[in-house]
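[1] show me the folded form of this:
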Amino acid sequence: MKKISFPLVLLFLLLGCKTNKKVVLQQLIESDFTIAFGSCNKSNVNNLLWDDVLATDPDVWIWGGDIIYADTDDMQKLRAMYLDQDRVEEYALLKSKVPVIGTWDDHDYGLNDGGVEFKEKKASQQEFLDFMDVPKDSPRRSREGVYASHDYTTSEGSIKVLVLDTRFFRTALTPDRETSKRNKPNSYGEGTVLGTAQWAWLQEGLNSSRADFNIIVSSIQFLSNEHGFECWGNFPHEIDHLKNLIVSSRAKGVVVLSGDRHISEFSKTKVDGLSYPLIDFTSSGLTHVYASFSGEPNPFRVGEVVSKKSFGLLDFDFSKKKVLFKMIGDDGELLGELEQNY
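    Here you go, the predicted model:
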């Protein structure tokens, strides 16, 4: 049975007069399953979107990275910042009602633009797993990297979420000394984003999946590759590797979710051998954004870049094999939308 999502209306009925936020009514949406996700969040500034997230009645919340901005090798400082986020009242309310999963990015990893070289990555991993309430006896506690697989099954269909770790194993970037860009692509074949063990895990996860949709969560952008900041485009052979893996696995309805950039955008491309276009939905950020954004190249962009605080929403229709992608801002403002059949 499809659930009826009452964006914002439901929340304000629950909260009554506890808030003076403007209620923006949206059209009722039928959805078999709803994913909400976002990235780039600071606990010490106003977390203004959690009531809006709750109002969409998601089945799961996915952190896309940069949950906190610690940038530290001091684990006490890192732990304190995670605890501060857990104490944010409306986030705590969301966490009590909705399953929370996700990955980290550089600022909660502990080193800006950091990768395999970060010396405290193993200790940082344990702090992240604590924040994500991963049991102490979980195999994830003894495995390097925070990557994980989550399966969701309903009477209408199923979804597999494959959460990647683009930090623990990622080799060095190549600074761009010739242009104003920060980085340039490594030589083809040089370096890795995921590392050998994680690639093998991802291949097995896609090959064995019988889910109607397969969601890959990457903290950094997969398709947008010309801006010079961190992205898969700095490792072009790794992009080809993932595309080939998706095709050969025959996994259904693969979608990439990403963050990091302090802007939100839809990217889309045709992949040879794939019967549907590959979409990379970037949602960033939750508490702070690139408000002065004036443009950057992205040959795969669909629609306009959004530089307002927002989170991402995916509404799934299993019978129609359709996903409605939405960027949602404060007061439930619809900032961007994309519909795709699979």
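
[2] ok, what's across the strand from the residue lying closest to residue 173 once chain neighbours are set aside?
    Leaving aside its chain neighbours, residue 173 sits nearest to residue 183 (4.7 Å; criterion: Cβ to Cβ, 6 or more residues apart in numbering). From N, CA and C alone the C-beta is placed, and that goes for glycine too. Listed beta-bridge partners, residue 183: residue 175 (assigned using DSSP bridges).

[3] isn't residue 183 right next to residue 177, touching?
    No: shown here, residue 183 and residue 177 do not form a contact pair, counting by Cβ atoms under 8 Å, at 10.5 Å.

[4] neighbour count: these two, which is higher?
    A count of neighbours by other Cβ atoms under 10 Å puts residue 183 above the other of residue 183 and residue 177, at 18 against 7.

[5] distance of the more buried one relative to residue 122?
    Taking Cβ to Cβ, to the nearest Å as the measure, residue 183 and residue 122 are separated by 26 Å.

[6] report the helix or strand with the lowest average pLDDT across the chain.
    Least confident helix or strand of the chain, by mean pLDDT, DSSP states H and E, is helix 9-15 with a mean of 41.

[7] quick check: residue 64 vs residue 161, distance?
    12 Å.

[8] overlap in contacts, these two.
    Common neighbours of residue 64 and residue 161 are listed as residue 217 (criterion: Cβ atoms under 8 Å, 6 or more residues apart in numbering).

[9] of those two, who's got more company?
    Using other Cβ under 10 Å as the criterion, residue 64 and residue 161 rank with residue 64 on top: 31 against 24.

[10] what's near enough to touch that one?
    37-39, 102-103, 105, 217, 219, 257-260, 283-284.

[11] in strands, which of the residues you listed fall?
    Judged by DSSP state E, strands contain the following of the contacts of residue 64: 37, 38, 102, 217, 257, 258.

[12] show me which positions of stretch 143-152 end up buried.
    145, 146, 147, 148, 150, 152 (16 or more other Cβ atoms under 10 Å).

[13] what does stretch 80-88 give?
    Across stretch 80-88, burial judged by 16+ other Cβ under 10 Å covers 81, 82, 85, 88.

[14] now the helix or strand containing the third one: average pLDDT?
    This means residue 85. Assigned by DSSP states H and E, residue 85 belongs to helix 75-86. Helix 75-86 shows a mean pLDDT of 98.

[15] beyond it, next helix or strand please.
    Following helix 75-86 in sequence order, the next helix or strand is helix 89-97 (DSSP H and E).

[16] in that next one, what counts as buried?
    Using 16+ other Cβ under 10 Å as the burial criterion, the residues of helix 89-97 that qualify are 90, 91, 93, 94, 95.

[17] and stretch 105-117, by the same measure?
    By 16+ other Cβ under 10 Å, the buried positions in stretch 105-117 come out as 105, 106, 107, 108, 109, 110, 111, 113, 114, 115.

[18] pLDDT score assigned to residue 244?
    98.

[19] any low-confidence regions in the protein?
    1, 3-29 (pLDDT under 70).

[20] so which residue is dead centre in it?
    The chain has residue 64 as the residue nearest its centroid, 3.0 Å off, counting by Cα atoms, centre = their mean.

[21] and that residue, how far from residue 285?
    For residue 64, the distance to residue 285 equals 9 Å [Cβ to Cβ].

[22] find residues that contact each of the two.
    Counting by Cβ under 8 Å, 6+ apart, the common neighbours of residue 64 and residue 285 are 38, 39, 259.

[23] ok, and the most crowded of those?
    Neighbour-wise, these (other Cβ under 10 Å) top out at residue 39, 33 neighbours.

[24] please consider this matter closed, and thank you.
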